[in-house]
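**Student:** everything below, folded, please.
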Amino acid sequence: MPSLISSEAASQQGKRLDRLIFKLWMALTVAAAVLAVGATITLFVTAWPMGASIALVSTIALASLLAVGGIERWKEKIYPKCLRDVVNVVYAFAIEIIAILGCMVLFPFKIKDETISRSQTPVLLVHGFMHNSSGFRYIRSRLRQGGAGQIFTINFGNPFTQSISGNFVEKLRSKVKEIAAQTGRTDLLIIGHSMGGVVSTDFLLSDKRSDIGLVTLGSPLEGTYMAYIGLGPSAREMRPNSAYIQALHEKQKNFGKKLDALHIGSHADFIICPTKSACGPTWNHATHTFSDMGHVTYFFSDRVADQLLQKAHEPSNRIRSFS
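**Tutor:** Residues are numbered from 1 along each chain as shown. Have a look, this model is predicted:
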């Protein structure tokens with residue numbers, strides 16, 4: 001179990017992030033308000049054509065920011081349930097935009113493997129389609145603070161010319177062997193986001209590795225219709241009822257054991273369509289479903305980090321070390 005000091009440190013970091021998000025929200029709200037007022041005054045004084053467009057856009061931005069602030073405070077008190085569901089989707093969409101902007105800023109800064117060995121189970125972070133390890137920066141920080149084991153990452157490269165079955169699974173297999181050789185351990189917890197969860201599941205089923213823990217975040221275990229607008233072989237493999245998805249299900253049926261897995265999804269994650277695909281309804285594994293979280297927001301969520309830390313510290317049948 002994590003120590004009280006680690007738990008307190010993680011909690012304090014979560015509070016600091018909340019304050020940072022609040023300050024960012026305040027700054028954006030003030031900027032939108034100033035821009036809206038300034039553009040409106042300019043429009044009336046000079047009749048500048050662009051003033052109308054700027055005033056309209058900034059006013060919509062201001063209204064959206066104010067709505068997000070209000071929803072964050074009151075969304076759990078809104079009834080009936082149908083209205084709360086609508087509010088959750090609106091809230092998730094607004095926060096998702098901020099999360100996407102955050103990932104765009106972080107994208108060039110890939111995460112490197114840790115070199116500090118720890119006594120706890122090592123952790124491998126596996127990214128999704130059109131992404132890299134940079135998205136896990138906050139989750140890695142929370143895992144460190146929460147007392148998780150040595151943290152590793154992987155970068156698959158170009159998703160438009162590679163496939164899950166032909167390339168990514170083998171790259172993951174090689175990375176797992178590398179981690180075992182470096183740490184002298186066979187126990188491992190894999191955390192896969194989106195396509196990364198599919199790749200990880202395929203690897204564990206193909207190699208019959210029930211000794212490795214797995215958490216998937218918004219992973220289309222039964223495919224997603226959004227994959228139809230994706231390019232490349234890996235996107236085609238994630239389409240519902242594709243030959244790859246059907247083969248993955250066959251591996252699961254023939255596995256003969258139960259993976260040490262937790263599947264996390266959200267009713268507001270519309271990259272995974274249908275959303276229930278993220279929790280693998282036919283897989284008989286542990287699941288957790290949020291009601292107000294978008295596909296990219298997983299990376300910056302304290303609630304998700306708490307779930308990951310709980311999984312990292314729970315007892316399991318994982319082998320602790322060689323021999």
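**Student:** which stretches of the protein aren't confidently modelled?
**Tutor:** Within the chain, the segments meeting pLDDT under 70 span 1-85, 87, 281-282, 315-323.
**Student:** for it, which segments count as strands?
**Tutor:** Assigned by DSSP state E, the strands in the chain fall at 123-126, 151-154, 188-193, 212-217, 260-266, 286-290.
**Student:** any chance of those in JSON lines, with distance to residue 166 and mean neighbour count too?
**Tutor:** All C-beta atoms are positioned from the backbone trio N, CA, C, and that covers glycine. As requested, the strands of the chain are exported to JSON lines (distance: least, CB to CB, whole Å; neighbours: other CB atoms under 10 Å):
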{"stretch": "strand 123-126", "distance to residue 166": "17", "mean neighbour count": "27"}
{"stretch": "strand 151-154", "distance to residue 166": "16", "mean neighbour count": "23"}
{"stretch": "strand 188-193", "distance to residue 166": "18", "mean neighbour count": "26"}
{"stretch": "strand 212-217", "distance to residue 166": "21", "mean neighbour count": "26"}
{"stretch": "strand 260-266", "distance to residue 166": "24", "mean neighbour count": "25"}
{"stretch": "strand 286-290", "distance to residue 166": "29", "mean neighbour count": "17"}
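**Student:** tabulate those strands (CSV), appending distance to residue 240.
**Tutor:** CSV is the format used below for the strands of the chain (distance: least, CB to CB, whole Å):
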stretch, distance to residue 240
strand 123-126, 22
strand 151-154, 26
strand 188-193, 19
strand 212-217, 17
strand 260-266, 15
strand 286-290, 19
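**Student:** of those, which is nearest residue 310?
**Tutor:** Nearest to residue 310 among the strands of the chain is strand 260-266; the distance by CB to CB comes to 8.8 Å.
**Student:** using CSV, write out the CA atom coordinates for the closest one.
**Tutor:** Coordinates of the C-alpha atoms in strand 260-266 are reproduced here as CSV (Å, rounded to 0.1, in the frame of the first residue of the first chain):
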residue,chain,number,x,y,z
ASP,A,260,-5.5,-8.8,-14.5
ALA,A,261,-7.3,-5.8,-16.2
LEU,A,262,-9.3,-2.7,-15.5
HIS,A,263,-11.0,-1.0,-18.3
ILE,A,264,-11.9,2.7,-17.8
GLY,A,265,-14.4,4.5,-20.1
SER,A,266,-16.7,7.5,-20.2
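**Student:** and the angle for it with strand 286-290?
**Tutor:** Orientation check (axes from the mean of the first three to the mean of the last three CA atoms, to 10 degrees): strand 260-266 against strand 286-290 gives 20 degrees.
**Student:** report the angle between the axes of strand 260-266 and strand 188-193?
**Tutor:** 20 degrees.
**Student:** where along this structure do the helices fall?
**Tutor:** For the chain, helices defined by DSSP state H occupy the ranges 4-46, 49-74, 81-106, 137-145, 169-183, 195-206, 233-237, 243-253, 302-313.
**Student:** CA atoms of stretch 244-252 as PDB?
**Tutor:** What follows is stretch 244-252 as a C-alpha-only set of coordinates in PDB (Å, rounded to 0.1, in the frame of the first residue of the first chain):
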ATOM      1  CA  TYR A 244      -8.700  -7.600 -36.400                       C
ATOM      2  CA  ILE A 245     -11.300  -6.900 -33.700                       C
ATOM      3  CA  GLN A 246     -12.900 -10.300 -34.400                       C
ATOM      4  CA  ALA A 247      -9.500 -12.000 -34.100                       C
ATOM      5  CA  LEU A 248      -8.900 -10.100 -30.800                       C
ATOM      6  CA  HIS A 249     -12.200 -11.500 -29.500                       C
ATOM      7  CA  GLU A 250     -11.200 -15.000 -30.500                       C
ATOM      8  CA  LYS A 251      -7.900 -14.600 -28.600                       C
ATOM      9  CA  GLN A 252      -9.900 -13.500 -25.500                       C
END
